[in-house]
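K.L.:
model this:
(one chain, ligands or ions: 1)
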Amino acid sequence: MSTDTTPTTTRAHAREASTPGSEWWRSAVIYQIYPRSFADASGDGIGDLAGVTERLPSLAALGVDAVWLSPFFRSPQKDAGYDVADYCDVDPIFGTLADFDALRDRAHELGLRVIVDLVPNHSSSEHPWFQEALAAGPGSPERDRYMFRDGKGEHGELPPNNWPSVFGGAAWTRVTEANGEPGQWYLHIFDSSQPDFNWKNPVVWEEFRRILRFWLDRGVDGFRVDVAHGLMKKEGLPDIADAAGSDNIADALMSPEDVPYWAQPAVHEVYRDWHQVLAQYEGDRVLCAEAWVEPLSKAALWVRSDEMHQAFNFSYLSTPWNAAKLRAVIDESIDAFTGVGAPSTWVLSNHDVVRHASRYGLPEHTAGPNAGIGPNSPDKPDAALGLRRARAATALMLSLPGSAYLYQGEELGLPEVIELDDHVREDPTFHRTGGEAYGRDGCRVPIPWEADAPAFGFNDTGSSWLPQPEVFGEYARDRQEGVEGSTLELYRSALDIRARRELGVGSVEWLDGYGEEVVAYRNGGLTIIANLGSTPVELPAGDVLLASNAIDGRAVPADTTVWIA
Ligand code: NOJ
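P.N.:
So this is what the prediction gives:
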């Protein structure tokens, strides 16, 4: 694979203690790397850590502060690595621990922090603990590390309760006991290959402290915590009162009130414990919660001063392209998070949702996780409109105070890949819903680096675990580098101005008088105007530092954001 020769400016990676309130993560821009699909040094069609290391200079040049790597641990890859069989080793498809060390060192040299993904709600069914639990039988301490229960019905033939799996179907699977008879059931909120841990068992607590320390000792700067609202289950595992959740997975995910496996108060004790573990290390290590919890005042509970440091702002991600709704969610976010002393975060895309360049091109976009879009979805995104709005939305997001998350490929304006054949789809959501939900493969296709190289520069063999569409060539990084008006240059400029003007530590001062369909405010001495309506908006006096799309004289056209000094 060709090496990246992008010149970079190296920023010193400081590990000294900061004063409370000035920690790096409060205003950081964090870039999500999905290792399977970022860069493939081995050429086997699946990205790897050595590939990431080679390409890190391009991220430093983009101007992000940190990278978050989705799981690269030992795993049978039934849920793309969110099914971990060994938390303290690298899966051979991604490389070795030595490859991780090389990645960490290179990132730190370039001034990039490194966040890894921790998956504490469940392990893989191939984890030695689960295998031991199967072998040890009912009532054993080995089974007590997971959520085994007897079934209902005369012969235990019915699941212990009516909980649905987030990926479709039931959240329980029955095992065959050592005597060959059908036996107990185990809980898996996700795929049957992902058994849930029993977080009421102190052994599980001790094991996760060990895992945290393993990676902290190895120099990681923090953890993104998977399903951070799910670890504790309601006492007695009661039925969901209205099992409607099973018909609408996205709603079930977003309604923690009604779901006895989400947002149980006891979960916060876990994060208080982890906070103490991290506090023993120098250098502002960070915990970031993936908690699909609404409203924001509830999500803010995860980032109280003695718990985690950041929580993804999924309410922001889920807000449609509507000025009044955006103003409201920005206010609500800042109030909720600053109310507990945490920064707000902002995010528009990740590996679980339809890429925002396509979402904003749909008449009614749904931003809930997992659903996806595919060839038979009722609406096809309008690619040009989607990209235009996505660029405006990103320019708005990157002007906001707090910390922002980017998902690999969005800086290229990549659309969701819709035309994937059923047989190449790997997401368990697709298979567990019998194809009813397309799932997340469309946002996980390996990203394009060079328009004219094999696999668009993802590797040099041309192999790719999900097929890349022809159109990816048009979005390749080398087609955008140094090209005025390209999405890549828009991101680069926005990140540069954001850093120089310290927008991440600024504030939002709303400006009136621009009309209902405009989001207008001041931060860091800049005026930010996002026009979501169809009527052009007259620019105020000043220099235009950034425009998400070409502007016509002094008028901000529809679906455009400008930053004015
Ligand atoms: C959330 C992760 O982001 C998603 O990709 C994964 O499938 C589930 N958690 C289960 O670990």
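K.L.:
ok and the residue in the stretch 451-565 of the chain nearest the ligand?
P.N.:
Leu466 (15.0 Å; Cβ to the nearest ligand atom). Every residue, glycine included, has its C-beta placed from N, CA and C.
K.L.:
ok, now which ones touch the closest residue to that residue other than its chain neighbours?
P.N.:
Of all residues not flanking Leu466 in the chain, Val445 sits nearest, at 4.7 Å (Cβ to Cβ, 6 or more residues apart in numbering). Residues in contact with Val445, defined by Cβ atoms under 8 Å, 6 or more residues apart in numbering, are Ser37, Val417, Leu420, Ser464, Leu466, Pro467, Gln468, Pro469, Phe472.
K.L.:
Generate a ChimeraX selection restricted to the buried subset of those residues.
P.N.:
The buried residues among the contacts of Val445 can be selected in ChimeraX (16 or more other Cβ atoms under 10 Å) with this line:
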select :37,417,420,464,466,468,469,472
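K.L.:
Wait, a strand at the residue nearest to Leu466?
P.N.:
No. Read with DSSP: H, G, I helix; E, B strand; the rest coil, Val445 is coil and lies in no strand.
K.L.:
Please report how far it lies from the ligand.
P.N.:
According to Cβ to the nearest ligand atom, to the nearest Å, Val445 and the ligand sit 15 Å apart.
K.L.:
quick one: least confident helix or strand in this structure?
P.N.:
helix 249-254 (a mean of 51; mean pLDDT, DSSP states H and E).
K.L.:
following it, which helix or strand shows up next?
P.N.:
helix 267-279 (DSSP states H and E).
K.L.:
Can you name the residues of the stretch 101-250 of the chain that neighbour the ligand?
P.N.:
Contact residues (Cβ under 6 Å from any ligand atom) of the stretch 101-250 of the chain with the ligand: Val119, Phe190, Asp226, Val227.
K.L.:
Now, those residues that are in helices?
P.N.:
Among those, no residue falls in helices (DSSP state H).
K.L.:
which element is the closest residue to the ligand within the chain on?
P.N.:
Using Cβ to the nearest ligand atom, the single residue of the chain nearest to the ligand is Tyr82, 3.4 Å away. Under the criterion DSSP H and E, no helix or strand holds Tyr82.
K.L.:
So for the protein, the centremost residue is which one?
P.N.:
Nearest residue to the geometric centre of the chain (Cα atoms, centre = their mean): Asn350, 4.3 Å.
K.L.:
which SS state does the residue lying farthest from the centre of the chain fall under?
P.N.:
Taking Cα atoms, centre = their mean as the measure, the residue most remote from the mean C-alpha position of the chain is Glu154, 43.2 Å away. Under three-state DSSP, Glu154 falls in the coil class.
K.L.:
Kindly report the same for Val204.
P.N.:
helix.
K.L.:
now do the same end-to-end measure for stretch 148-160.
P.N.:
For stretch 148-160, the first and last residues are 9 Å from each other (Cα to Cα, to the nearest Å).
K.L.:
quick thing: my sequence starts at 617, can you match it?
P.N.:
Yes, from this point I'll number from 617; that puts the last item at stretch 764-776.
K.L.:
Point out where the protein drops to low pLDDT.
P.N.:
Applying pLDDT under 70 to the chain flags the ranges 617-634, 858-873, 981-984.
K.L.:
what do you get if the cut-off is 80, keeping everything else the same?
P.N.:
617-636, 857-874, 980-986 (pLDDT under 80).
K.L.:
what does it have sitting close to the ligand?
P.N.:
Asp695, Tyr698, Val735, Phe806, Asp842, Val843, Glu906, His967, Asp968.
K.L.:
okay, those in a markdown table with neighbour count next?
P.N.:
Below are those laid out as a markdown table (neighbours: other Cβ atoms under 10 Å):
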| residue | neighbour count |
| --- | --- |
| Asp695 | 23 |
| Tyr698 | 25 |
| Val735 | 27 |
| Phe806 | 26 |
| Asp842 | 20 |
| Val843 | 23 |
| Glu906 | 22 |
| His967 | 19 |
| Asp968 | 24 |
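K.L.:
Distance check, the nearest residue to Pro979 once chain neighbours are set aside against Thr1045.
P.N.:
Excluding its sequence neighbours, the residue lying closest to Pro979 (Cβ to Cβ, 6+ apart) is Asp995, at 5.5 Å. Separation of Asp995 from Thr1045 (Cβ to Cβ, to the nearest Å) stands at 19 Å.
K.L.:
Quick check on those two: which one has the bigger neighbour count.
P.N.:
Thr1045 (28 against 11; other Cβ atoms under 10 Å).
K.L.:
ok, and the more buried one, which helix or strand is that part of?
P.N.:
Here Thr1045 is assigned to helix 1044-1048, by DSSP H and E.
K.L.:
Give me the contacts around that helix.
P.N.:
Here helix 1044-1048 has contacts from 694-695, 781, 783-785, 806-807, 809, 865, 986-988, 1038, 1041, 1053-1057, using Cβ under 8 Å, 6+ apart.
K.L.:
still on that earlier bit, name the nearest residue to the residue nearest to the centre of the chain, sequence neighbours excluded.
P.N.:
Asn966 sits nearest to Tyr1023 (Cβ to Cβ, 6+ apart), 4.9 Å away.
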